[in-house]
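[1] Kindly generate the corresponding structure for this input.
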Amino acid sequence: MARVKRAVEGPGLVEAAIHMESFRQVREAHRQERVDDYVELISDLIRNDGEARQVDIAQRLGVAQPTVAKMLVRLADAGLVVRRPYRGVFLTEAGHALAEASRARHRVVEDFLLALGVDPDSARRDAEGIEHHVSTPTLEIFARFVADRRASAEHAQAGAPAATAS
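    Predicted structure coming up:
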């Protein structure tokens, strides 16, 4: 197996360019995290209640209504939601797509944590934070790991030898 050179060998700092890029990615993930959380929650509220009201969003996120109002303006400006007077907030097509993508990322991370043996409550809570900070290639590896584990479990239940991933 070929050894991959790490950015840091032993104690010390990584190269400045690598360090800077890592922090840039984290900052961007934090910015996107709030957007994803709001859009996913709005989608869930619409599925459950037929609409998403500002008061319900504030209650579920544990924030004040003015905080929600500011974010809804930002989401509307981004073309992710529309606000209807006396009705609530609804997702645009782009908002629906983002909510589904966010939900899928969450599901992959949660399934991965469960496959590692993390208890369901912790897996759900931890996935809520991790999902925003995992790169697409890492997420794909998580999904393959879960699929391989499921295939092995199904083969074991059927009495067949487990297939190995190559």
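[2] rest of the way, CA atoms for contacts and neighbours
    OK.
[3] Now do the contacts for the closest residue in space to His106 that isn't next to it in sequence.
    Setting aside the residues directly before and after it, His106 is nearest to Glu131 in space (Cα to Cα, 6 or more residues apart in numbering), at 5.4 Å. Residues near Glu131 by Cα atoms under 8 Å, 6 or more residues apart in numbering: 102, 105-106, 109.
[4] Now the element after the least confident helix or strand in the chain by mean pLDDT, going C-ward?
    Sorting the helices and strands of the chain by mean pLDDT, DSSP states H and E puts helix 16-49 at the bottom, at a mean of 86. Scanning forward in sequence from helix 16-49 by DSSP states H and E, the next helix or strand is helix 54-61.
[5] what's the spacing between the residue most central in space within the chain and Ala64?
    Among the residues of the chain, the one closest to the centroid is Glu131, at 3.1 Å (Cα atoms, centre = their mean). For Glu131, the distance to Ala64 (Cα to Cα, to the nearest Å) stands at 24 Å.
[6] likewise Glu51?
    From Glu51 to Ala64 the distance is 19 Å (Cα to Cα).
[7] Of the two, which one has the most company?
    Glu51 (18 against 13; other Cα atoms under 10 Å).
[8] residues contacting the more buried one?
    42, 45, 87-90.
[9] quick one, phi/psi of the residue nearest to His106?
    Dihedral angles of Glu131 (phi, psi; degrees, to the nearest 10) stand at phi -50, psi -30.
[10] if I look at Glu40, how far off is Phe90?
    For Glu40, the distance to Phe90 under the criterion Cα to Cα works out to 11 Å.
[11] Also Asn48?
    Counting by Cα to Cα, the gap from Asn48 to Phe90 is 13 Å.
[12] Neighbour count: these two, which is higher?
    Neighbour comparison, Asn48 and Phe90: the larger count goes to Phe90, with 23 against 10 (by other Cα under 10 Å).
[13] which residues of the chain fall in strands?
    Using DSSP state E, the strands of the chain run over residues 81-84, 88-91.
[14] So which of the ones you listed is the most surrounded?
    Stretch with highest mean neighbour count among the strands of the chain: strand 88-91 (a mean of 22; mean count of other Cα atoms under 10 Å).
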